[in-house]
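Chemist: Could you look at this predicted model? Sequence included:
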Amino acid sequence: MTSVRGKFAAEKKMFAQSALFLYTRGERENREEELSAMGYVPLELARPIRVDRIYSVHYFEYGPDYTFVGESHDFWELVYADKGEIYVTAGEEEKLLKKGQMIFHKPGEFHNVRATGKDAPNIVIVSFECRGDAMRFFEGRIVSASDNERVLMARIVEMAGAAFSTPLDDPWAQHLERKENAPFGAEEIIGISLEYMLLELIRRGENGAPARPTSQIRERSQNEFLDREQAYLEANIQRRLTLSDICRDNLVGRSYLQKVFREKTGGGAMEYFGNLKIQKAKEMIREGSHNFTEIAALLGYNSIHYFSRHFKKVTGMTPSEYASSVKVLARRGRGEE
């Protein structure tokens with residue numbers, strides 16, 4: 001059977017040959033040479049923002065009296081205030097960076113940070129190489145991150161933790177070490193997410209405030225956010241997470257996190273996480289591979305007593321009662337009762 005590509009090539013050749021009859025012999029020869037060279041002409045995409053190298057990705061939880069003496073280097077560095085406020089020096093000017101804001105230090109610019117003495121701020125720092133005139137937009141400017149840009153920032157930190165063995169909270173790290181078992185494409189996702197965030201910030205700055213998203217776009221964005229948070233909770237089901245842990249690890253505000261979970265699941269994020277643990281506990285009880293003490297420890301409960309109380313609160317029965325009901329159902333299924 002002739003392939004679609006082969007059929008197309010044959011038809012193209014036939015059309016070219018038939019077209020030659022419209023010309024004189026000399027014209028046909030010239031036209032034949034032109035047609036022989038016929039082909040698609042590629043268009044190289046314009047890329048005003050292109051991140052070529054990453055020097056560092058950090059997530060710091062500073063104390064209220066923290067001070068960094070400062071430095072300068074020949075690449076860009078962004079500083080993002082995830083929680084609290086912090087003073088940032090850019091060149092000779094000191095500025096206050098508030099929660100949700102970021103500042104970019106251009107190559108060669110001296111910069112430092114110091115806590116305000118009141119807040120214990122959480123800060124994201126990403127150092128990268130990006131050449132081109134478009135980056136001038138960020139010089140001397142503080143920008144506020146939108147919800148979408150906060151998601152991209154969280155993605156960068158998440159992928160950095162997955163791709164590199166270098167601790168994100170090591171202030172003295174000067175190079176990134178790759179993990180041997182890093183997820184496929186993690187480094188590229190970091191670059192793409194950073195480029196997309198930079199492009200969005202510039203486009204928004206040039207065009208004014210972004211248009212309010214339609215209800216359909218907002219709904220899709222919330223669903224995607226919820227999917228990511230649920231996957232995060234499932235992957236960390238063995239941990240004793242707090243609401244602050246979830247917000248910090250995902251760079252999301254407490255109010256937005258709770259709002260989406262309540263709208264989509266009918267309860268808060270911690271309630272969802274607790275129910276997730278109980279569903280896993282029920283599964284483990286049915287499998288019969290662990291006793292209750294082991295299940296409690298595997299799911300991050302402080303004690304068997306707290307596990308039992310939580311289990312009963314969610315299911316209406318104790319773990320022992322649930323295990324007995326499972327056995328009764330199994331016997332009935334075998335026709336023993």
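Modeler: Great, that's in hand.
Chemist: From residue 74, how far off is residue 107?
Modeler: From residue 107 over to residue 74 the distance is 5 Å, taken as Cβ to Cβ, to the nearest Å. Bear in mind the C-beta positions are built from the backbone N, C-alpha and C, glycine included.
Chemist: more crowded one of these two?
Modeler: Higher neighbour count among residue 107 and residue 74: residue 107, with 14 against 9, using other Cβ atoms under 10 Å.
Chemist: Over to that one. Which of the three states is it?
Modeler: Following DSSP: H, G, I helix; E, B strand; the rest coil, we place residue 107 in the coil state.
Chemist: so it touches residue 127, yeah?
Modeler: No: in this structure residue 107 lies outside contact range of residue 127 using Cβ atoms under 8 Å: 10.3 Å.
Chemist: Please enumerate the shared neighbours of these two.
Modeler: Jointly contacting residue 107 and residue 127 under the rule Cβ atoms under 8 Å, 6 or more residues apart in numbering are 73, 75-76.
Chemist: from these, which would you call buried?
Modeler: Burial by neighbour count, 16 or more other Cβ atoms under 10 Å: within those this picks out 75-76.
Chemist: Please convert the shared contacts of residue 107 and residue 127 to TSV, extending it with distance to residue 123.
Modeler: Formatted as TSV, those follow (distance: Cβ to Cβ, whole Å):
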residue	distance to residue 123
73	17
75	18
76	16
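Chemist: quick one: the strands in this structure?
Modeler: 51-61, 67-71, 76-83, 86-90, 93-97, 101-105, 111-115, 122-130, 142-144 (DSSP state E).
Chemist: any weak-confidence spans in the stretch 151-300 of the chain?
Modeler: Across the stretch 151-300 of the chain, the ranges flagged by pLDDT under 70 are 206-220.
Chemist: where exactly do the helices run in it?
Modeler: 186-207, 215-235, 243-250, 254-265, 269-287, 292-298 (DSSP state H, counting those that start in this stretch).
Chemist: out of these, nearest to residue 115?
Modeler: Evaluated with Cβ to Cβ, these place helix 243-250 nearest to residue 115, the distance being 16.8 Å.
Chemist: From the contact counts, what lies against that closest one?
Modeler: Other elements packing on helix 243-250 under the criterion 3 or more Cβ pairs under 8 Å, 6 or more residues apart in numbering; DSSP states H and E are helix 147-163, helix 215-235, helix 254-265, helix 269-287.
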